[in-house]
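S.K.: Below: sequence and its predicted model.
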Amino acid sequence: MAAFAKEEPGLGESQHKAGIVQTDFERLQSQDTCGKEQPIEHTTQAQQDGPGTADHYYPEGGFRWCVLAGTFVVGFWCLGLSLSWGVFLQYFLHTKTFTTDNTNSHEEELAWAGSIGSACIFAGAPIAAVASHRLGIRPILVFGVLASSLGLITASFANRVWHLYLTMGILSGFGGSTLYFTSLMILSQYFHRRRGIVAGIAASGAGVGASALAPLTRYMLAALGFPWTARILGGCLTVCLSLAVCCLRPYRGSNSSTAMSSSSSTIRNADAVESEETPPPPPPPQSRTIPGPSPSPITSGGLDFRLLRRPSFALILVATNLATLVYLVPLFLISNYITTIVGGTAAQGAAVVSICSAVAILARVLFGTIADCLGVLNIAATCCLLSGVSALCLWGGHVAPATMPVTTAFMVCYGIFAGSAIVLLPVAATKAVGPDKLASAVGFVFFSHTIGYLLGTPIAQAVIRAQGGGYAGASVFVGVGNIVCSAVLVLARACVNRNLWAAL
């Protein structure tokens, strides 16, 4: 974080150029008794990422696994509970929980609550970045715990749909956003060589959470009703997220700073011997920052809007909006589809959501590995195409029959392909920009999730209601949206490299 990169006066003129100091220190430390230099094995960002990046020492050990566990728990509860909204929606529609003048609230009005919550998780990412930079990490994490838990607890007293918008939507959504994205920023300070597998483990928290919380929430709703279910979940959030926050400690570079301070002393002693003959060169301007954690890529600067002028990046943003517009529709509506169209039970609906989330965890690891070999853009476009085809053929009852085996097969396919595509899109955006624009590109992509998550499910619910409760229109909406997204990604790939066999 930018707040942790500070000046330390009194280190002497030998620290006028941190890069030179570190290089000389490594040379002195790596020489054996015969004067031969041996390789150095610690990890710095400059060594791994090449010139032009800030020198940052990555511990690659120690407390890092606690930080990873904390990030996993945050994803488990904040994102996993958001993905389980379909279970709440089916319960509200079946029990007619919210009524106005003895008439049921419109189904699309209920769908807005889950969409607002999912959208706020991503809309709050820039706010969390700026607030953590100005106020510090700890106050933001505490606010996230309180907002997430209070959102559920206050929702237990709701008697109108718009109460859910404010509680489970806005309050819990922004609370989860501050927790999730701040935890990712902290985690990025601890890993470099293992960043791929670490990102996969952290992201799997959402899938594991949805797999576990969907059936648990369904059981609690049936046994206790919504008010006590929300209160118990709110209490669990408070306890679990508080423990997770205790593990989310920013890396302050104590080991790195100590090592570099000793290196400065070593170099000063060496310079003192030679200072009688050769005076030290004057320090360049603005070069007195000590090595340590580099600023977080999210908080170190604003969004670079010049990226929108690049056709490839603009097309990837369009594809991201299309993918997020339709991604949550089956996850949120499949429980109600099973109880009203297929003729199944609420328990079967929750089980299908869990199966979809579980296979998505494995698929993301598998397709992430394949994407490293065949190209992220190539795999993302393929996954979007296959998820669209599965929605058109297996969901809605207009092609394949609306039976439980067919519906389960659809959700398995959708979890594999759509679940993989949605996490590959931010990585695909990096293919259209250079390393110096990486943070800005990822920020744009994550923020673009907001519009799709906010509008997708209400639009599909409005189509279902216009068709008298049929899901054929929603199936076409999801299928065509994914296929068009695949086509846009192909165009973006052509803008980056027109070689069809290139791994992009």
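M.R.: Received the coordinates, thanks.
S.K.: now the helices: where do they sit in the stretch 351-500 of the chain?
M.R.: Assigned by DSSP state H, counting those that start in this stretch, the helices in the stretch 351-500 of the chain fall at 376-394, 404-429, 438-466, 472-496.
S.K.: Let me know which of these is the nearest to V198.
M.R.: helix 404-429 (13.9 Å; CB to CB). From N, CA and C alone the C-beta is placed, and that goes for glycine too.
S.K.: what is the orientation angle of that closest one with helix 376-394?
M.R.: 160 degrees (axes from the mean of the first three to the mean of the last three CA atoms, to 10 degrees).
S.K.: quick one: average confidence on the helix or strand harbouring M185?
M.R.: For M185, the host element (DSSP states H and E) is helix 172-187. Throughout helix 172-187, pLDDT has a mean value of 87.
S.K.: Let's see it as CSV, backbone CA atoms only.
M.R.: C-alpha atoms of helix 172-187 as CSV (Å, rounded to 0.1, in the frame of the first residue of the first chain):
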residue,chain,number,x,y,z
SER,A,172,-24.0,-6.2,2.8
GLY,A,173,-22.7,-5.6,-0.8
PHE,A,174,-20.5,-2.7,0.0
GLY,A,175,-19.3,-4.4,3.2
GLY,A,176,-18.3,-7.5,1.2
SER,A,177,-16.6,-5.3,-1.4
THR,A,178,-14.4,-3.6,1.1
LEU,A,179,-13.4,-6.9,2.7
TYR,A,180,-12.8,-8.9,-0.5
PHE,A,181,-10.8,-6.4,-2.5
THR,A,182,-8.8,-5.2,0.4
SER,A,183,-7.9,-8.7,1.3
LEU,A,184,-6.8,-9.3,-2.3
MET,A,185,-4.6,-6.2,-2.1
ILE,A,186,-3.0,-7.4,1.1
LEU,A,187,-2.5,-10.9,-0.4
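S.K.: what comes up buried for the helix or strand following that helix?
M.R.: Counting by DSSP H and E, the next helix or strand C-terminal to helix 172-187 is helix 195-224. Neighbour-count burial for helix 195-224 flags 198-199, 201-218, 220-221 (criterion: 16 or more other CB atoms under 10 Å).
S.K.: distance of A123 from P405?
M.R.: Distance, A123 to P405, by CB to CB, to the nearest Å: 38 Å.
S.K.: out of these two, which sits in the busier spot?
M.R.: A count of neighbours by other CB atoms under 10 Å puts A123 above the other of A123 and P405, at 21 against 10.
S.K.: Please report how far the more buried one lies from A147.
M.R.: A123 is 14 Å from A147, by CB to CB.
S.K.: Need the overlap of contacts for these two.
M.R.: F174 (CB atoms under 8 Å, 6 or more residues apart in numbering).
S.K.: so who does the residue nearest to F122 when sequence neighbours are not counted touch?
M.R.: Distance criterion CB to CB, 6 or more residues apart in numbering; nearest residue to F122, sequence neighbours excluded, is H449 at 4.1 Å. H449 sits next to A119, F122, T320, T324 when contact means CB under 8 Å, 6+ apart.
S.K.: all strands for the stretch 51-200 of the chain, in order.
M.R.: Secondary structure of the stretch 51-200 of the chain (DSSP state E, counting those that start in this stretch): strands at 57-58, 99-100, 103-104.
S.K.: For the ones you listed, which has the smallest mean pLDDT value?
M.R.: strand 103-104 (a mean of 43).
S.K.: Compute the inter-axis angle for the helix holding M185 and helix 438-466.
M.R.: Using the same axes, to 10 degrees, helix 172-187 lies at 150 degrees relative to helix 438-466.
S.K.: what's helix 172-187 packed up against?
M.R.: With contacts defined as 3 or more CB pairs under 8 Å, 6 or more residues apart in numbering; DSSP states H and E, helix 172-187 has these neighbours: helix 64-74, helix 80-83, helix 107-123, helix 125-135, helix 137-155, helix 195-224, helix 226-247.
S.K.: closest to I334 out of these?
M.R.: It is, among the helices and strands packed on helix 172-187 and with distance given as CB to CB, helix 195-224, at 10.5 Å.
S.K.: re earlier: with distance to G176 and mean pLDDT added, can I get the helices and strands packed on helix 172-187 in CSV?
M.R.: Shown next, in CSV, are the helices and strands packed on helix 172-187 (distance: least, CB to CB, whole Å; pLDDT from 0 to 100):
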stretch, distance to G176, mean pLDDT
helix 64-74, 8, 88
helix 80-83, 7, 88
helix 107-123, 5, 85
helix 125-135, 10, 77
helix 137-155, 5, 93
helix 195-224, 11, 83
helix 226-247, 9, 94
